[in-house]
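# Prediction below, plus the sequence it came from.
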Amino acid sequence: MAKSINQVILLGRLTRDPEQRTTTTGKTIASFSIAVDRAGNDDTADFFNVTAWEKLGELVIKYLAKGRRVLVQGRLRQDSWDDKETGKKVSRVEVVATDVTFLDGPSDGGGSTAQAANSSSRSTKKTEDVVIEDIDDKPIDLSEIPF
């Protein structure tokens, strides 16, 4: 018998700033939605509601904003309930994120520029510390290679 699989991977842009809620037990929930362009059609997109819990939700609230690109991995969850006003059954499908990868730098540009400058100065330092010895032109003995 085959196991069930409920996994989704989406790459898109946030359509609104994430909203933060807290459960009665103190867990953080971040809710946001993303637009995913349909392949081959520049004018059309699909929209998905996403929920991120606890530490992941805190990171989403802290670092993401409308327009930022993200890669979301998670599972689909369907909720259904009776509408109090109409009495009709209502349902909603959302993505419960297990991982969110931030694809853009900060919108103000200050943080990513500073980080890029720091990493480039670090990499320059590393190359300055490396001393390259003279390389001779002797042929390589293949019997000395361990694999």
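Arrived safely, thanks for sending. Numbers count the residues shown, from 1 in each chain.
# Nearest residue to the middle of this protein?
Of all residues in the chain, the one closest to the mean position by CA atoms, centre = their mean is residue 101, 1.8 Å from it.
# Leaving out the residues flanking it, which one is nearest to it?
Nearest residue to residue 101, sequence neighbours excluded (CB to CB, 6 or more residues apart in numbering): residue 71, at 4.1 Å. Bear in mind the C-beta positions are built from the backbone N, C-alpha and C, glycine included.
# ok, now residue 82?
Leaving aside its sequence neighbours, residue 82 sits nearest to residue 89 (CB to CB, 6+ apart; 5.9 Å).
# Roughly how far does that neighbour sit from residue 80?
Distance of residue 89 to residue 80, computed by CB to CB, to the nearest Å: 6 Å.
# and residue 17, helix, strand or coil?
Counting by DSSP: H, G, I helix; E, B strand; the rest coil, the backbone at residue 17 sits in coil.
# For the protein, just list every one of the helices.
Assigned by DSSP state H, the helices in the chain fall at 54-63, 110-129.
# least reliable of those helices going by mean pLDDT?
For the helices of the chain, mean pLDDT drops lowest on helix 110-129, to a mean of 42.
# hmm, back to that, separation between the residue nearest to the centre of the chain and residue 44?
Counting by CB to CB, the gap from residue 101 to residue 44 is 24 Å.
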